[in-house]
Structures are given as structure tokens and as C-alpha cells.
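Q: Predicted model and sequence follow; I will ask about them next.
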Amino acid sequence: MTISVVIPTLNEERSLPTTLARAAESGFDEVIVVDGGSMDRTREVVLAFAPAQGQSRQQSAISVQQSPPDVHPSALIPQHSAPSTVVLLTAPAGRAFQMNAGAAASRGQILLFLHADTLLPPDARSAIEKALEDPAYVGGRFDVRFERDSGLGRLIGCLINLRSRWTGIATGDQAIFVRRSVFERLGGFSDIPIMEDVDFTRCLKRIGPVAALRLQVVTSFRRWDACGPIRTIALMWVLRFLYWVGISPRTLRHLYGAVR
């Protein structure tokens with residue numbers, strides 16, 4: 001099976017180099033970064049990979065950045081690796097829109113949606129392939145571990161994994177993957193400012209079983225640090241409750257803060 005990785009970005013110059021290097025060296029067929037108008041060096045980070053492979057691609061409503069980078073790819077990808085094809089696209093900001101744009105530009109039979117601050121395990125590709133050997137499975141997700149893997153960070157990660165396994169619902173930091181045919185059947189991610197991952201996986205599990213991989217991705221603790229762990233937990237539960245009782249995500253975005 002061919003697998004395309006789609007990474008939505010917005011001002012991710014700090015997190016993206018490591019995330020992109022890991023994804024690019026993991027043997028996926030292509031890695032598509034869809035930038036939502038970053039004002040930092042996010043695009044330069046991606047271009048350190050893409051021009052080295054002679055990549056350019058363009059679609060309607062999506063443009064490809066072609067200015068030369070000032071960071072050499074060798075600074076980001078180990079020289080012994082066989083990096084995936086890396087492509088940079090731009091699209092209007094909003095994770096759902098950006099991920100849909102990346103999926104439309106991709107060529108893989110399987111789509112893996114990855115946050116810019118989340119590291120895949122080295123054997124992510126083989127784990128996905130093994131999970132989807134069973135044609136009954138429509139997609140899946142990984143367990144999550146925070147970069148701060150101790151104390152409250154470890155507890156929160158465990159609770160997220162337990163909740164996801166119990167409900168069948170995944171969030172974007174768990175690296176959701178899906179068969180292209182199923183993604184297209186669902187019409188992609190709903191064009192909503194938040195909860196697009198919850199909405200998508202809720203619809204996904206109605207079509208067929210979703211693989212809950214115990215293999216872990218490692219994600220940033222930055223939002224929890226910025227807002228405080230207890231406050232963030234409370235906010236997330238309030239948002240989910242309001243979403244389940246029918247409050248519009250466009251209303252909820254004001255509680256969540258900046259849309260990424």
C-alpha cells in the first residue's frame with residue numbers, strides 16, 4: 001500500500017524540523033506539508049527538503065512556494081536515510097481545510113494526518129500496513145505520549161488513550177490514518193474551526209472498525225504548559241460536552257482560542 005502523510009502547519013518553525021525529518025525518513029511514499037500562512041520560517045524549513053528532490057505541485061486554490069531555502073536539507077535528514085518525497089502547499093488557515101487540501105493533492109492509498117508537533121515512531125509505516133492488512137479496518141490511530149513523560153504528563157497521556165479506546169474517538173495528536181476510499185466516502189474533514197478530528201473519527205467508526213494501535217506517537221505538552229494542565233483538562237471536557245449537546249464548533253472556537 002502507498003501511504004501519504006499530510007501535515008497542516010501554521011507558525012511551526014520550532015516543532016516542524018524534527019517532526020518532518022522523522023516523517024521523511026520513515027519510508028512513506030510522500031509527505032505533504034500544507035501551510036496556512038505562517039509568518040515565521042515554517043516554509044523555509046519545508047523547502048530545505050522539497051527542492052532537494054525537485055518537487056513542485058499545484059492545484060486550484062493551492063499554491064506551491066518556490067523560493068530557494070537557506071537551510072540545507074542535510075541539516076535535517078540523516079544522510080544515510082532514503083527520505084520520502086516532500087511537497088509544500090499553501091492553503092487558507094484552518095486544520096480541516098488544510099488537511100483536505102493535502103489529501104486532494106496526495107496520491108497514497110492510505111492517508112496519515114500528522115500534527116506538526118507530533119513525532120511518529122520509527123516503525124509507524126509497518127504498523128499501519130499490518131493494521132490495514134485486514135480489509136475490515138477502515139483506518140486507525142496511535143496511542144499518544146507527551147514529550148514530558150512523567151508525573152501529570154504521563155497520567156494525562158494514559159487517560160487520553162483509555163478514553164479513545166473506550167469511545168472509539170481519536171484526536172489529531174494521535175496521528176489518525178484512513179483508507180483514501182473511506183476518506184472520500186466521508187467527504188473528508190468537516191469544514192469546522194475545531195473538533196474536526198472528533199467529528200471525523202465519530203463518522204469513521206460508523207463505517208467500520210478503527211484500529212487502536214498501542215504503538216505511541218510523542219506529542220508536545222506546549223498547550224498544557226501555556227494554559228496550565230488542570231485548566232486545559234477542564235476546558236477540553238467542557239468543549240467536548242458542549243459539542244456533544246449540539247453547540248456549533250464556530251461558537252466553541254472562542255472558548256478554545258487560536259485555531260490551528
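A: Cool, got the structure. Numbers count the residues shown, from 1 in each chain.
Q: Quick one: mean pLDDT for stretch 137-152?
A: For stretch 137-152, mean pLDDT rounds to 90.
Q: can you pull the buried residues of that stretch?
A: 137-146, 148 (16 or more other CB atoms under 10 Å). Any C-beta I mention is one placed from the backbone N, CA and C, and that applies to glycine too.
Q: now do stretch 194-214
A: Buried, per 16+ other CB under 10 Å, within stretch 194-214: 194-202, 204-205, 210-213.
Q: distance between the ends of that stretch?
A: 26 Å (CA to CA, to the nearest Å).
Q: And stretch 202-217, by the same measure?
A: One end of stretch 202-217 sits 21 Å from the other (CA to CA).
Q: Report the mean confidence score over that stretch.
A: 97.
Q: low pLDDT regions in the stretch 51-200 of the chain?
A: For the stretch 51-200 of the chain, applying pLDDT under 70 flags the ranges 51-83.
Q: So which residues of it form helices?
A: Assigned helices in the stretch 51-200 of the chain, in chain order: 95-105, 124-131, 151-167, 180-186, 196-207 (criterion: DSSP state H, counting those that start in this stretch).
Q: from these, which stretch is densest packed?
A: helix 95-105 (a mean of 23; mean count of other CB atoms under 10 Å).
Q: Look up how far residue 40 lies from residue 124.
A: Between residue 124 and residue 40 the computed distance is 27 Å (CB to CB, to the nearest Å).
Q: Of all pairs in the buried residues of stretch 137-152, which one is the farthest apart?
A: Spanning the widest gap among those are 138 and 148, at 32.5 Å by CB to CB.
Q: phi, psi of the residue lying closest to residue 199 once chain neighbours are set aside?
A: The shortest distance from residue 199 to any non-neighbouring residue, by CB to CB, 6 or more residues apart in numbering, is to residue 190 (5.1 Å). Per-residue torsions, residue 190: phi -60, psi 140 (degrees, to the nearest 10).
Q: Just put the helices of the stretch 51-200 of the chain in TSV and tack on distance to residue 89.
A: Listed next are the helices of the stretch 51-200 of the chain as TSV, based on distance: least, CB to CB, whole Å:
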stretch	distance to residue 89
helix 95-105	6
helix 124-131	22
helix 151-167	29
helix 180-186	17
helix 196-207	18
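Q: For residue 235, which of the ones you listed is the nearest?
A: Nearest to residue 235, of those and by CB to CB, is helix 151-167 at 12.9 Å.
Q: Show me what the closest one is packed against.
A: Judged by 3 or more CB pairs under 8 Å, 6 or more residues apart in numbering; DSSP states H and E, the packing partners of helix 151-167 are strand 139-146, helix 229-244.
Q: hang on, the earlier thing: would you list the buried residues of stretch 137-152 in a markdown table and tack on distance to residue 25?
A: Listed next are those as a markdown table, based on distance: CB to CB, whole Å:
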| residue | distance to residue 25 |
| --- | --- |
| 137 | 26 |
| 138 | 28 |
| 139 | 24 |
| 140 | 22 |
| 141 | 22 |
| 142 | 18 |
| 143 | 21 |
| 144 | 21 |
| 145 | 20 |
| 146 | 23 |
| 148 | 24 |
